[in-house]
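K.L.:
let's see this in three dimensions:
(one chain, ligands or ions: 1)
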Amino acid sequence: MKQDKHVFDNVLQLIGKTPLIKLNKMTKGFEGDFFAKVEAFNPGHSSKDRIALHIIEEAERQGILTPGDTIIETTSGNTGFSIAMVSIIKGYECILAVSSKSSADKIDMLKSMGAQVYVCPANVSANDPRSYYEVAKRLHNEIKGSIYINQYFNQLNIDAHYNSTGPEIWNQTEGKITHLVACSGTGGTISGISKYLKEQNPDVKIIGVDAFGSVLKKYHETREFDDKEIYPYRIEGLGKNLIPTATDFDLIDKFIKVTDEESAHTAREISRSEGLFVGYTSGAAMQALKQLSEDGEFKKGDKVVVIFPDHGSRYMSKIYSDKWMEEQGFFDSKTEVSESIQYI
Ligand code: PMP
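P.N.:
All right, here's what the predicted structure looks like:
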């Protein structure tokens, strides 16, 4: 291994140490300096590489996993891809239980990474034996030598970011960070980073980003679960219809909500103005940052870090498709890309 020469034993050695990139155009006119932690630079193109590696290596340290064993999770998204990648290198079987709502592209991507995919009906309740939660639990019980990652309820999800993302941000900002803006899904990213940063400087302000249609913001404010907050929304990976124990609500100063439409346009704007091809939740986090700036949250001299969790390539049939944008009623001629194609 010659990491100084950028030569590696395997792809897992490239997880973490992602760059912090200054946002120049998106933040024109805002008070403060703004930097994106661009998690698409992980080899699996998202922040979930960190938790997959940490949770699997912790199970190895505890002697729960040995080569040939099976790793199970309920996800069609980034976590599934990362677990599949780590499983290939370490020699584990990977089983992913996904909802039938998942796009064919996503299922093909997971299959391409060697995962065994169980497609479960989307229109059944969580406790139905056919739901992806129940299928994952059953397989975990049936398969000897298996672990269930269970990212929404696994404290190791927080630890992964406490050990890696938090210290990286502290060092990259030379301890001068004043605000962190991060999307909350499982809450592992924001809670782990916050725990580390607040240990270094309790004044760092931690702002969570939530979706309209999710319960997180209301729960943070009232500590009560209000199912009236729940309704369908488009952004994947942000917000939730339950309270994940991988979120430490005491470590988050406040939540801000963003819309599906503005987040989609903002992601497209980041790609076109900063040259960073980012996913839907990066648009959501940037949209929150814009709203906070308009509300006077930041002042001159502040150093604000926003997390961009994944890469735009996973959203070609969604926010980067004009057709999809039009179908959602999000179309905006300012961001139309088809105009820039010339057919000869
Ligand atoms: N963005 C994307 C695209 C995600 O998949 C997730 C994870 N659900 C998040 C943001 C939120 O990260 P976390 O789960 O650590 O809160």
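
K.L.:
in which helix or strand does residue 162 reside?
P.N.:
helix 155-163 (DSSP states H and E).

K.L.:
next, the angle from whichever helix or strand comes after that helix to helix 155-163.
P.N.:
Sequence-wise, the next helix or strand downstream of helix 155-163 (DSSP H and E) is helix 165-172. On the basis of axes from the mean of the first three to the mean of the last three CA atoms, to 10 degrees, helix 165-172 is oriented at 10 degrees to helix 155-163.

K.L.:
and the helix or strand just after helix 165-172, what does it pack onto?
P.N.:
As assigned by DSSP H and E, the chain's next helix or strand after helix 165-172 is strand 179-183. Applying 3 or more CB pairs under 8 Å, 6 or more residues apart in numbering; DSSP states H and E, we find strand 179-183 packed against helix 188-200, strand 205-211, helix 280-294, strand 303-308. The C-beta positions use only the backbone N, C-alpha and C, and glycine is treated the same way.

K.L.:
centre of the chain to the longest one, how far?
P.N.:
What it means is helix 280-294. Computed by CA atoms, centre = their mean, to the nearest Å, the chain-centroid distance of helix 280-294 equals 15 Å.

K.L.:
ok, residue 82 to residue 235 distance?
P.N.:
For residue 82, the distance to residue 235 equals 19 Å [CB to CB, to the nearest Å].

K.L.:
now do residue 319
P.N.:
Remark: distance between residue 319 and residue 235 (CB to CB) = 9 Å.

K.L.:
which neighbours do the two share?
P.N.:
Residues touching both residue 319 and residue 235 (CB atoms under 8 Å, 6 or more residues apart in numbering): residue 280.

K.L.:
these two touch, right, residue 252 and residue 184?
P.N.:
Yes: Residue 252 is in contact with residue 184 according to CB atoms under 8 Å; the separation is 7.4 Å.

K.L.:
of these two, which one has the most company?
P.N.:
With neighbours defined as other CB atoms under 10 Å, residue 252 and residue 184 compare such that residue 184 has more, 29 against 22.

K.L.:
ok, that one - contacts?
P.N.:
With CB under 8 Å, 6+ apart, residue 184 has these contacts: 190, 208-210, 216, 238-239, 247, 252, 255.

K.L.:
show the backbone phi and psi for the closest residue to residue 92 other than its chain neighbours.
P.N.:
Nearest in space to residue 92, with sequence neighbours left out and distances taken as CB to CB, 6 or more residues apart in numbering, is residue 71 at 5.1 Å. Per-residue torsions, residue 71: phi -110, psi 130 (degrees, to the nearest 10).

K.L.:
partners of residue 71 in the sheet?
P.N.:
residue 94, residue 147 (DSSP bridges).

K.L.:
give me the neighbour count for it.
P.N.:
Residue 71 has 25 neighbouring residues, counting by other CB under 10 Å.

K.L.:
equivalent analysis for residue 171, please.
P.N.:
The number of residues packed near residue 171 is 10, by other CB under 10 Å.

K.L.:
now do residue 301
P.N.:
Residue 301: 10 neighbours (other CB under 10 Å).

K.L.:
can I assume it is in contact with residue 32?
P.N.:
Yes: the criterion here is CB under 8 Å, and residue 301 meets it with residue 32 at 7.0 Å.

K.L.:
center of this structure - which residue?
P.N.:
residue 309 (4.6 Å; CA atoms, centre = their mean).

K.L.:
show the contacting residues for the residue nearest to residue 92.
P.N.:
Residue 71 sits next to 56, 65, 83, 86-87, 92-95, 146-147, 149 when contact means CB under 8 Å, 6+ apart.

K.L.:
give me that answer again for 10 Å
P.N.:
By CB atoms under 10 Å, 6 or more residues apart in numbering, the contact set of residue 71 is 52, 55-56, 59, 65, 83-84, 86-87, 90, 92-96, 115, 140, 146-149.

K.L.:
restricted to buried residues, select these in ChimeraX.
P.N.:
Buried residues among those (16 or more other CB atoms under 10 Å), as a ChimeraX selection:
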select :52,55,56,59,65,83,84,86,87,90,92,93,94,95,96,115,140,146,147,148,149
